[in-house]
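Visitor: pasting the structure only:
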């Protein structure tokens, strides 16, 4: 598949993705990409986020490819089994945030993820009903490598470990992220209509 064959839905994580984040850049540069806007990026509610994802998929004209980052990955996984079968062609999941271990997360942009977890925990571990690739780094402060490996195995995602890349954000040097663009292109090429 090519980008023109699918609707690419960007699913940012907690606090959203700023203008220099790779998701924002891809959204600007890919004509079939759009952000799934959540009501509240700072105080997310799992049920609302999942509902927004389901609504975005329902209004898509072409098969959907989810491009999720951080808590957006967890929201996508929560939504996966509630989506109509065949509506999602695949998911490109980047730097998952292990909400089960959120107490260990660093302060982010002055915010601390509350103990309530907003309904995101526990992380669903059912196999995803569509092809997926999970990219992770060896020093993601929101998810230990062994947990990312566990998620990939449970979700039946292809695991790609990219080495030390932090949380794969513009703050950790992944604004343009050309290697990510290439990996996403290869992921799309492997999907069947």
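Guide: Looks like it came in fine. Quantities reported herein were computed from a predicted structural model and do not represent experimental measurements.

Visitor: buried stuff in stretch 1-19?
Guide: 1, 3, 6-17 (16 or more other C-beta atoms under 10 Å). C-beta here means a position set from N, CA and C on the backbone, and glycine is covered the same way.

Visitor: and if you look at stretch 176-187?
Guide: Residues of stretch 176-187 classed as buried by neighbour count (16+ other C-beta under 10 Å): 177, 180, 183, 184, 187.

Visitor: what about it, average pLDDT?
Guide: Averaging pLDDT along stretch 176-187 yields 95.

Visitor: Touching it from outside, list them.
Guide: With contact meaning C-beta atoms under 8 Å, 6 or more residues apart in numbering, stretch 176-187 is reached by 22, 25-26, 67, 90, 92, 94, 133, 135, 160, 162, 168, 174.

Visitor: re earlier: so which of the buried residues of stretch 176-187 sit within strands?
Guide: If you go by DSSP state E, those have nothing in strands.

Visitor: Redo the residues you listed as JSON lines? Include distance to residue 139.
Guide: Shown next, in JSON lines, are the buried residues of stretch 176-187 (distance: C-beta to C-beta, whole Å):
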{"residue": "177", "distance to residue 139": "16"}
{"residue": "180", "distance to residue 139": "17"}
{"residue": "183", "distance to residue 139": "19"}
{"residue": "184", "distance to residue 139": "22"}
{"residue": "187", "distance to residue 139": "23"}
